[in-house]
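Undergrad: I need the structure of the sequence given here:
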Amino acid sequence: SFGGGSTAAAMGHLVAMDDDPVELALSAYSLRLWERFATLSEAEFSRCGTLWVARDARELAAVPAKIARLATAGLHAEAIDAAQLYALEPQLVLGLAGGMRVPDEAVVYPPRVARHLVSLACKSGARPFAGRRVAQLQAHAVRLDDGQVLSGPVLVASGVALPQLLPELALRPRKGHLVITDRHPGLIQHQLLELGYADSAHGADDTSVAFNVQPRPTGQILIGSSRQFGEHDRALSMPVLQQMLQRAFVYLPVLRELQAIRVWTGLRPATPDGRPYLGAVPGRRDVWVAAGHEGLGVTTALGSARVIVDSLLGRTPAIDPAPYAPARAVQGAPA
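TA: Residues are numbered from 1 along each chain as shown. As a prediction, this is how the structure comes out:
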């Protein structure tokens, strides 16, 4: 169904990660596009801001460079000391060094906004084939599982299922767990992450966890995050879940007192270099791809779509599309 899969499992945090300038460019571009949805009820847009938490002086020392990198992309962030940190979020554990606040970042509810985007496309003439599966890619066409052939340029945007249609593009799933609690309005104000989060998000370890907690507009608290490479099974992993929660309790002890009402998993589609595939697929006529966004799929959705549409129509995209070209992953293809 529309808005299912990894979209339904996602946190919906609209965030710019600054550790890769290529992903930062796509994220910053996309965040600007998301602004048109800020007042849309279907998006459930909440500008809670992001508060990156520094555990010690070493992590705090990294903040000025992060602020400078975000500024190059036109994004505002500010350093905060320990006193400011606790004034903003008094429930955080004592002894933290400070952090970095990105006030304009927000959260959305991905399944609902995805369905809204589909409805907009349908109003412009798009025809959905709900419940149908692509059985075969052909030159300038696809054959559906009911035998029907649809002709025209083909865009493969199938997430973790990408290798079934485009096996030449390396991609593997990275499983994550999320927990949502009952309602506690006002308990926290910001999306809270540890400054070491990028080490988990973009690291090569088979299993990792990081502190990442979100206040939902409903008053519920959404708790993450975990990453497991190569996991196709969506079943809960209790050891990983426990490790993730223990990490969250270290930073936000009050979470121990809350009641969890649901736990689920999702699969992030991860490429070998951590960058999505956006563009024409070498060796396949009129086949394009938009996949492999890992944990930034919601953030970068709108920018990715605009890059693909501009490229399809022969227009120059607003950002350089070359770093995302799938040719980089196809052996023998021109870069």
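Undergrad: my guess is residue 85 is in a strand, correct?
TA: No: secondary structure of residue 85 (DSSP: H, G, I helix; E, B strand; the rest coil): helix, not part of a strand.
Undergrad: count the neighbours of it for me.
TA: 20 (other Cβ atoms under 10 Å). C-beta here means a position set from N, CA and C on the backbone, and glycine is covered the same way.
Undergrad: thought it was touching residue 95?
TA: No: Residue 85 lies out of contact with residue 95 (Cβ atoms under 8 Å); the separation is 10.8 Å.
Undergrad: in stretch 140-155, what counts as buried?
TA: Neighbour-count burial for stretch 140-155 flags 141, 142, 154, 155 (criterion: 16 or more other Cβ atoms under 10 Å).
Undergrad: measure that stretch end to end?
TA: End-to-end distance of stretch 140-155 (Cα to Cα, to the nearest Å): 10 Å.
Undergrad: before we move on, what about stretch 81-97?
TA: One end of stretch 81-97 sits 7 Å from the other (Cα to Cα).
Undergrad: tell me the mean pLDDT for the strand or helix carrying residue 306?
TA: Following DSSP states H and E, one finds residue 306 within helix 297-312. Throughout helix 297-312, pLDDT has a mean value of 98.
Undergrad: what's in contact with that helix?
TA: The contact list for helix 297-312 (Cβ atoms under 8 Å, 6 or more residues apart in numbering) reads 6-7, 10-16, 23, 26-27, 29-31, 33-34, 108, 110, 153, 155, 159, 268-269, 276, 278-280, 288, 290, 293, 316-319, 321, 324.
Undergrad: so which of those residues belong to strands?
TA: 13, 14, 155, 268, 269, 278, 279, 280, 288, 290 (DSSP state E).
Undergrad: leaving out sequence neighbours, find the closest residue to the fourth one.
TA: In space, and not counting its chain neighbours, residue 268 is closest to residue 174: 4.3 Å by Cβ to Cβ, 6 or more residues apart in numbering.
Undergrad: cool, the last one as well?
TA: On the basis of Cβ to Cβ, 6+ apart, the spatially nearest residue to residue 290 that is not a chain neighbour turns out to be residue 157, at 4.5 Å.
Undergrad: can you pull the contacts of the one you found?
TA: Contacts for residue 157 were tallied using Cβ under 8 Å, 6+ apart; they are 289, 290, 291.
Undergrad: any chance of those residues in TSV, with neighbour count too?
TA: Formatted as TSV, the contacts of residue 157 follow (neighbours: other Cβ atoms under 10 Å):
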residue	neighbour count
289	27
290	24
291	25
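Undergrad: switch those over to JSON lines; also include pLDDT and distance to residue 298.
TA: Putting the contacts of residue 157 into JSON lines (pLDDT from 0 to 100; distance: Cβ to Cβ, whole Å) gives the following:
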{"residue": "289", "pLDDT": "98", "distance to residue 298": "18"}
{"residue": "290", "pLDDT": "98", "distance to residue 298": "13"}
{"residue": "291", "pLDDT": "98", "distance to residue 298": "14"}
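Undergrad: let me know the closest of these to residue 137.
TA: residue 289 (10.7 Å; Cβ to Cβ).
Undergrad: contacting residues for that closest one?
TA: Applying Cβ under 8 Å, 6+ apart, the residues contacting residue 289 are 155, 156, 157, 162, 166, 169, 277, 278, 279, 281, 326.
Undergrad: follow-up on the earlier one: quick check: the farthest pair among the ones in strands among the contacts of helix 297-312?
TA: That would be 13 and 280, which, of the ones in strands among the contacts of helix 297-312, are the farthest apart (Cβ to Cβ) at 30.2 Å.
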